[in-house]
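>>> sequence-free structure coming up:
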Ligand code: M6R
């Protein structure tokens with residue numbers, strides 16, 4: 001059943017490319033336009049949507065945070081991302097023009113289910129992004145967009161995360177198509193880039209696994225790890241921190257790189273391992289410069305820096321102690337590749353500690369209580 005892999009988690013990480021490819025399948029019309037008839041929402045109702053609230057927990061909420069950057073950029077409507085268990089207790093503002101998107105791999109997470117019930121009671125439409133056909137969350141939603149990651153058995157969510165991002169991106173591009181906020185060519189270009197992602201993920205799995213494994217075994221005794229990122233790298237940092245926490249039982253904290261000087265830098269001491277998601281160096285944009293200066297700050301205090309950076313980034317080469325390379329891709333799509341070495345890293349750390357990677361202590365695959 002594990003198809004020759006040592007663990008389900010191992011197998012499922014190696015299914016990341018397929019999860020992305022399969023989630024894209026069958027969702028385009030003859031002219032390459034997005035075809036999401038499966039949603040069964042009247043395009044006129046889509047045009048009316050003036051706000052999106054994404055509700056989810058854990059890894060699914062980080063996929064939602066990634067999607068926020070893309071959807072706001074493409075559709076020009078506000079997108080809020082809220083942990084499902086916090087959502088209904090704050091009396092959120094919901095109208096018939098609010099689209100609530102519930103993201104869940106299992107479709108059975110009670111917190112997310114209660115959030116969607118609350119949203120529907122308030123008259124909002126709920127769309128589920130889910131990996132499990134016929135589960136409760138899609139059954140109770142107005143519409144569903146399935147991710148096609150295949151069954152995910154390991155407690156740590158991996159391939160479902162990349163599939164959730166793809167599904168949320170398809171939704172964003174569809175909204176942009178219906179509302180006319182992007183030109184056809186822009187949509188086509190992004191779709192082409194999405195279609196190129198499975199082979200880029202494959203490249204990471206094929207070429208970076210050895211560096212990741214060596215790095216993990218050299219850091220197996222580290223007491224804590226910090227993860228930093230900016231823009232879409234921020235949720236990726238949070239996700240990398242969560243993976244390591246739940247599988248390798250290591251204390252980790254993920255935060256926005258810009259927050260460093262507002263507190264977390266006090267934690268940095270010589271030898272502290274810090275994983276930094278570095279945005280594309282092409283054009284050496286502002287984002288890249290800012291993240292590189294965060295690396296310089298922590299290096300100056302003796303941190304051991306592991307960068308996730310674009311191939312050929314000279315600054316990553318110069319300042320980081322180790323680099324996990326990503327092939328060039330548009331910034332908004334980079335989480336699909338950047339998370340892969342972090343998933344492998346958590347797996348390798350857990351293996352070095354001889355832990356059960358598929359069934360970490362105290363955790364259940366789906367949390368069916370509030
Ligand atoms: O099934 P769901 O996507 O609703 O689950 C949400 C979280 O419980 C889940 O992502 C959890 O954080 C994972 N263990 C993360 O690896």
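Received it, and whenever you're ready, just let me know what you need. The model shown is predicted, which means the values in this text are computed figures rather than measured ones.

>>> which parts of this structure are strands?
51-56, 79-83, 98-104, 125-130, 143-146, 224-229, 251-256, 273-277, 304-310, 322-326 (DSSP state E).

>>> packing partners of the first one?
Packed against strand 51-56 by the contact rule (3 or more CB pairs under 8 Å, 6 or more residues apart in numbering; DSSP states H and E) you find helix 58-75, strand 79-83, helix 84-87, strand 98-104, helix 110-121. Where you see a C-beta, it was placed from the backbone N, CA and C, and this is true even at glycine.

>>> could you say which of these is packed most deeply?
Comparing these by mean neighbour count (mean count of other CB atoms under 10 Å), strand 98-104 comes out on top with a mean of 28.

>>> still on that earlier bit, got TSV for the strands of the chain, with mean pLDDT and distance to the ligand too?
TSV is the format used below for the strands of the chain (pLDDT from 0 to 100; distance: least, CB to the nearest ligand atom, whole Å):
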stretch	mean pLDDT	distance to the ligand
strand 51-56	98	6
strand 79-83	98	10
strand 98-104	98	3
strand 125-130	98	8
strand 143-146	97	13
strand 224-229	97	15
strand 251-256	96	13
strand 273-277	98	17
strand 304-310	98	18
strand 322-326	98	20
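
>>> dump the residue contacts of the nearest residue to residue 52 once chain neighbours are set aside.
Once flanking residues are discounted, residue 52 sits nearest to residue 79: 4.5 Å by CB to CB, 6 or more residues apart in numbering. Taking CB atoms under 8 Å, 6 or more residues apart in numbering as the contact definition, residue 79 lies against 51, 52, 53, 54, 67, 68, 71, 72.

>>> residues touching the closest residue to residue 329 other than its chain neighbours, list them.
With CB to CB, 6+ apart as the criterion, residue 329 has its nearest non-adjacent residue at 5.8 Å, and that residue is residue 200. Applying CB under 8 Å, 6+ apart, we find residue 200 in contact with 326, 327, 329, 336, 337.

>>> how near is residue 342 to residue 300?
25 Å (CB to CB, to the nearest Å).

>>> more neighbours: which of the two?
Taking neighbours as other CB atoms under 10 Å, residue 342 and residue 300 compare with residue 342 leading, 26 against 9.

>>> show the pLDDT at that one.
If you check residue 342, the pLDDT there is 98.

>>> pretty sure it contacts residue 275?
Yes. Using CB atoms under 8 Å, residue 342 makes contact with residue 275 at a distance of 7.1 Å.

>>> need the residues touching each of these two.
What both residue 342 and residue 275 touch, as defined by CB under 8 Å, 6+ apart, is the set 227, 240, 308.

>>> what bridges to the last one?
Here residue 308 shows beta-bridge partners residue 277, residue 324, assigned using DSSP bridges.

>>> can you count the residues close to it?
Neighbour count for residue 308, taken as other CB under 10 Å: 31.

>>> tell me the contacts of it?
236, 275, 276, 277, 278, 323, 324, 326, 338, 341, 342 are the contacts of residue 308 under CB under 8 Å, 6+ apart.

>>> mind redoing it with 10 Å?
If you count contacts by CB atoms under 10 Å, 6 or more residues apart in numbering, residue 308 has them with 204, 208, 227, 229, 233, 236-237, 240, 275-278, 316, 320, 322-326, 334, 337-342, 345.

>>> next up, the contacts around the residue of the stretch 1-150 of the chain found nearest the ligand.
The ligand sits closest to residue 58 of the stretch 1-150 of the chain, with a gap of 1.9 Å, by CB to the nearest ligand atom. For residue 58, the contacting residues are 83-84, 104-105, 109, 111-112, 156-157, 161, 238-239, 242, 246, 363, 367, by CB under 10 Å, 6+ apart.

>>> residues of this structure that sit close to the ligand?
57-60, 104-106, 109, 112, 155-157, 242, 246, 363, 366-367 (CB under 6 Å from any ligand atom).
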